[in-house]
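>>> can't give you the sequence, but here's the structure:
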């Protein structure tokens with residue numbers, strides 16, 4: 001029936017339904033416990049055959065039990081005929097169900113032109129309700145690697161962490177942690193997300209068929225941006241055949257994610273590469289802050305590239321450095337509670353005050369660049385007050 005229904009010849013596995021007896025004029029219940037151990041059902045045909053051509057059959061009350069991808073799991077696939085990601089209720093590196101990624105190369109040629117990719121993509125924002133900080137994020141997952149007997153061993157499986165470094169809501173950087181089975185080829189790693197500009201790769205070792213492994217890793221401390229997605233990907237760089245004859249699978253399970261969580265930032269504030277900042281307040285002249293952190297930490301005006309234009313850095317107890325462009329001045333002063341930065345005509349001014357507002361030290365320098373932001377570096381907490389004129 002395959003050429004009639006699906007337009008091409010497909011492999012056929014014929015099974016007699018358990019306990020079924022073909023008796024006319026009787027309603028029968030036919031139960032199929034499992035169509036196939038892997039893959040997706042893409043069509044169901046209800047047919048009847050009679051050699052004289054006079055039989056009729058009526059079908060009714062059809063019910064399907066299925067394992068569906070959770071709402072926070074999506075699939076990215078580019079590969080051969082049976083490349084897909086799905087939930088499998090029979091195989092797992094620990095205990096089923098698991099999320100399976102099945103892949104076959106698109107053709108028998110160069111990896112660039114013919115590789116196949118299959119990825120189950122975990123939507124961090126959909127699952128948690130918000131993106132998470134990329135800095136020092138860590139993860140762990142188990143994977144069971146299985147291949148068909150005819151599949152060439154030019155296979156790579158990886159976890160790709162998708163990071164939005166510029167806050168536009170799209171992945172621009174991927175951190176890829178991979179294992180490979182490259183007995184028959186060099187392997188191939190490709191970005192999962194179409195908006196990716198930069199890929200960092202980290203090898204975790206080799207993998208052998210019918211074996212389970214741990215994929216784990218950590219993003220660099222101070223990494224800029226937020227994690228939007230985690231993809232569980234497989235790439236086949238050799239072969240290509242109809243059906244599952246040249247496929248391989250990784251069954252992913254026991255995924256865990258660890259990240260630093262803080263209270264939401266005030267409206268208009270941003271974080272990048274350890275700097276906490278916001279745009280200048282319209283009409284603002286005097287920016288007074290009280291802040292704490294781990295030495296050294298500071299309070300600055302930043303230019304558009306987040307380089308300090310002017311500010312004060314706390315080097316240690318009672319030691320302060322005034323930064324003005326590329327120059328600096330250090331002094332020792334005690335009892336400082338507030339730092340007051342001022343943008344004046346042609347000059348910048350910093351005033352160190354005690355808790356009562358009395359001046360402990362003052363520093364001025366010629367303006368050395370245009371300020372775009374005000375903020376902090378290396379702080380744990382802060383209070384910021386701004387005084388100025390109504391714009």
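On my side now, so go ahead. All of these numbers come straight from a predicted model, not from anything done at the bench.

>>> which residues touch stretch 338-356?
Stretch 338-356 has contacts (C-beta atoms under 8 Å, 6 or more residues apart in numbering) with 280, 284-291, 299-301, 309-312, 320, 322, 324, 333, 335-337, 357, 359-368, 371, 374. For every residue, glycine as well, the C-beta is placed using N, CA and C.

>>> Just the buried ones out of those, please.
Taking 16 or more other C-beta atoms under 10 Å as the criterion, what is buried in the contacts of stretch 338-356 is 280, 284, 287-291, 299-301, 309-312, 320, 322, 324, 336, 360-361, 363, 365, 367, 371, 374.

>>> Go through those and flag which are in strands.
284, 287-291, 299-301, 309-312, 320, 322, 324, 360-361, 363, 365, 374 (DSSP state E).

>>> Please parse this structure into its domains.
73-258, 270-388 (automatic domain parsing).

>>> Tell me which of the ones you listed is the most buried.
When you average the neighbours per residue for each of the domains of the chain (mean count of other C-beta atoms under 10 Å), domain 73-258 leads with a mean of 19.

>>> Report the separation between the two terminal residues of that domain.
18 Å (C-alpha to C-alpha, to the nearest Å).

>>> Could you look up the SS state of residue 125?
helix (DSSP: H, G, I helix; E, B strand; the rest coil).

>>> For it, give me its contacts.
131, 228.

>>> Poorly predicted segments of the stretch 51-200 of the chain, please.
53, 64-70 (pLDDT under 70).

>>> can you pull out the strands in it?
73-78, 84-88, 98-103, 116-123, 132-133, 138-147, 155-164, 173-181, 198-206 (DSSP state E, counting those that start in this stretch).

>>> Select, out of those, the one closest to residue 109.
strand 116-123 (11.9 Å; C-beta to C-beta).

>>> got the contact list for that closest one?
69, 72-80, 83-85, 99-106, 160, 190, 192, 228-236, 240, 252, 255.

>>> Specify the angle between it and strand 73-78 in degrees.
160 degrees (axes from the mean of the first three to the mean of the last three C-alpha atoms, to 10 degrees).

>>> List the pairing partners of strand 116-123 within its sheet, with orientation.
strand 73-78 (antiparallel), strand 226-236 (antiparallel) (DSSP bridges).

>>> ok, now which residue in this structure is the farthest from the centroid?
Distance from the C-alpha centroid of the chain, by C-alpha atoms, centre = their mean, peaks at residue 52 (59.8 Å).

>>> Spatially, what comes nearest to residue 363 if we skip its sequence neighbours?
Nearest residue to residue 363, sequence neighbours excluded (C-beta to C-beta, 6 or more residues apart in numbering): residue 322, at 4.3 Å.

>>> Now for the one you found: which residues touch it?
311-312, 328-331, 350, 363, 365.

>>> same deal with residue 186?
111, 154, 237.

>>> The last one contacts residue 187, doesn't it?
Put plainly, it is residue 237. Yes. If you go by C-beta atoms under 8 Å, residue 237 and residue 187 touch, sitting 6.2 Å apart.

>>> Could you list everything the residue nearest to residue 363 pairs with in the sheet?
Taking DSSP bridges as the rule, residue 322 bridges to residue 312, residue 329.

>>> how close does it sit to residue 223?
Distance, residue 322 to residue 223, using C-beta to C-beta, to the nearest Å: 30 Å.

>>> and the contacts of residue 322 as a markdown table, adding pLDDT and distance to residue 137?
Output for the contacts of residue 322, formatted as a markdown table (pLDDT from 0 to 100; distance: C-beta to C-beta, whole Å):
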| residue | pLDDT | distance to residue 137 |
| --- | --- | --- |
| 311 | 94 | 29 |
| 312 | 95 | 31 |
| 328 | 85 | 34 |
| 329 | 90 | 38 |
| 330 | 92 | 36 |
| 331 | 90 | 39 |
| 350 | 95 | 36 |
| 363 | 92 | 39 |
| 365 | 89 | 39 |
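
>>> now those residues as JSON lines including distance to residue 275?
Converted to JSON lines, the contacts of residue 322 look like this (distance: C-beta to C-beta, whole Å):
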{"residue": "311", "distance to residue 275": "11"}
{"residue": "312", "distance to residue 275": "15"}
{"residue": "328", "distance to residue 275": "18"}
{"residue": "329", "distance to residue 275": "22"}
{"residue": "330", "distance to residue 275": "21"}
{"residue": "331", "distance to residue 275": "24"}
{"residue": "350", "distance to residue 275": "18"}
{"residue": "363", "distance to residue 275": "22"}
{"residue": "365", "distance to residue 275": "21"}
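
>>> Which residues are in contact with the nearest residue to residue 302 once chain neighbours are set aside?
Spatial nearest neighbour of residue 302, chain neighbours left out: residue 373 (4.3 Å); criterion: C-beta to C-beta, 6+ apart. Going by C-beta under 8 Å, 6+ apart, residue 373 touches 277-280, 301-304, 306.

>>> Distance check, the nearest residue to residue 166 once chain neighbours are set aside against residue 225.
Excluding the flanking residues, the one nearest residue 166 by C-beta to C-beta, 6+ apart is residue 172, at 6.4 Å. Distance check for residue 172 against residue 225: by C-beta to C-beta, it reads 8 Å.

>>> One more: residue 208?
For residue 208, the distance to residue 225 - C-beta to C-beta - is 35 Å.

>>> same check, this time on residue 155
Counting by C-beta to C-beta, the gap from residue 155 to residue 225 is 30 Å.

>>> Likewise for residue 178?
Residue 178 is 21 Å from residue 225, by C-beta to C-beta.

>>> now swap in residue 126 and tell me
From residue 126 to residue 225 the distance is 18 Å (C-beta to C-beta).

>>> for residue 348, same thing?
From residue 348 to residue 225 the distance is 30 Å (C-beta to C-beta).

>>> What is the distance between stretch 226-236 and the centre of its chain?
6 Å (C-alpha atoms, centre = their mean, to the nearest Å).

>>> ok now do residue 56, which residues does it touch?
Contacts of residue 56 by C-beta under 8 Å, 6+ apart are residue 48.

>>> any idea how far residue 199 is from the closest residue to residue 158 other than its chain neighbours?
Nearest-residue entry for residue 158: residue 178, 3.5 Å, with adjacent residues in sequence omitted and distances by C-beta to C-beta, 6+ apart. Separation of residue 178 from residue 199 (C-beta to C-beta) stands at 11 Å.
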